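Undergrad: got a predicted model here, sequence first, then my questions.
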Amino acid sequence: MLFGSRGVASALSTMAVAGALLTATPASALLVQPIVIDMHSSGTKTDASLTVTNDRRVPVTVEITVNDLKVPETGDLVITPENGDEFLIFPPQVTIQPGHTQVIRIRWVGEPTMPESKLYMFATTELPLNQLKGSGVQVMYSIQSLVTVTSPALKSDLHVVDATRTVVDTAATFDHPAGQRAGLLLTMANEGNAVDLLAHYRLHVKVNSARPWTKTVESTEIIKSLGLGLVPPNARRKLFVAIPDVPPDGDVTATIEHAPEQ
């Protein structure tokens, strides 16, 4: 049984919770950090790392593999295995003793310049034991981390091109039960050549009606509502933001601005 291999895909496509990379996490599990890695194709950020902790009572062997990531305007993410030749990963496979932590080193060894950002999913996958014990059922985990690689000179240009009232069926999160939630379906356009995240912004909403209404949705609330809000370079992405108190009548406009750094 394999849990968590679609964790990031769920967080980025349905945008339920920013950190919901693994559903049904047990008390003792494989812990992988960070869930998002931003790298540069040249300069000081060509190196990064993954920290893998074995929070169990038995040794765990894990393998790191590279997947290409495509993000359509709507629908599920497209994750395709690739050979990972543009990265140096050490160690690519390791056995971690109970309660111990292993740091996986990552280095970009691809081209130092690129026309636009590249997106990847790194899978940290538990390998099966040599011998099955007990019932003969093994529970293994594959946890995904989003990896973006950008040339330092590339820039994003993210803005809202449309905001439409809608009601959607949402999965349960840490803050809300499952069910229908009202809000705005945002069509985001990134006209730059670097990837961007709506989670980096605050959202300003205005409803023009007999009684004008405005609201600012802070980045922390955006993260709770939709997660990271990944928008690839030179692409559009439809994202739902829960705003239950948006008035039912009047023209809606929405804009974004960078959130203050924490």
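TA: That came in fine, so what should we check first? Residues are numbered from 1 along each chain as shown.
Undergrad: quick one: end-to-end length of stretch 221-235, please.
TA: 24 Å (Cα to Cα, to the nearest Å).
Undergrad: now do the spatially closest residue to Val58 that is not a sequence neighbour against Gln33, distance only.
TA: Spatial nearest neighbour of Val58, excluding adjacent residues (Cβ to Cβ, 6 or more residues apart in numbering): Pro98 at 6.1 Å. For glycine as for every other residue, the C-beta is placed from the backbone atoms N, C-alpha and C. Separation of Pro98 from Gln33 (Cβ to Cβ, to the nearest Å): 18 Å.
Undergrad: now swap in Thr74 and tell me
TA: Counting by Cβ to Cβ, the gap from Thr74 to Gln33 is 30 Å.
Undergrad: neighbour count: the two, which is higher?
TA: Neighbour tally, Thr74 and Gln33, criterion other Cβ atoms under 10 Å: the higher count belongs to Gln33, 14 against 11.
Undergrad: if I look at that one, how far off is Thr95?
TA: In terms of Cβ to Cβ, Gln33 sits 19 Å off from Thr95.
Undergrad: same question for Pro128.
TA: 13 Å.
Undergrad: the more surrounded of these two?
TA: Between Pro128 and Thr95, counting by other Cβ under 10 Å, Thr95 is the more crowded of the two (13 against 9).
Undergrad: go ahead and confirm Thr125 touches Glu63.
TA: Yes: counting by Cβ atoms under 8 Å, Thr125 does reach Glu63; the two are 5.3 Å apart.
Undergrad: give me the more crowded residue out of those two.
TA: Per other Cβ under 10 Å, whichever of Thr125 and Glu63 has more neighbours is Thr125, with 20 against 15.
Undergrad: so who does the more buried one touch?
TA: Applying Cβ atoms under 8 Å, 6 or more residues apart in numbering, we find Thr125 in contact with Ser5, Val62, Glu63, Ile64, Thr65, Met140, Tyr141, Ser142, Ile143.
Undergrad: for it, give its distance to Leu185.
TA: Thr125 sits 34 Å away from Leu185, going by Cβ to Cβ.
Undergrad: same question for Thr46.
TA: Separation of Thr46 from Leu185 (Cβ to Cβ): 37 Å.
Undergrad: tell me the domain ranges of this structure?
TA: Using automatic domain parsing, the domain parsing of the chain gives 2-150, 158-258.
Undergrad: could you dump these to JSON lines with mean pLDDT?
TA: Converted to JSON lines, the domains of the chain look like this (pLDDT from 0 to 100):
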{"stretch": "domain 2-150", "mean pLDDT": "81"}
{"stretch": "domain 158-258", "mean pLDDT": "91"}
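Undergrad: quick one: stretch 108-124 to chain centroid distance?
TA: Offset of stretch 108-124 from its chain centre (Cα atoms, centre = their mean, to the nearest Å): 16 Å.
Undergrad: and it, what's buried?
TA: Using 16 or more other Cβ atoms under 10 Å as the burial criterion, the residues of stretch 108-124 that qualify are Trp108, Met114, Glu116, Ser117, Lys118, Leu119, Tyr120, Met121, Phe122, Ala123, Thr124.
Undergrad: before I go, just wanted to say thanks for your time.
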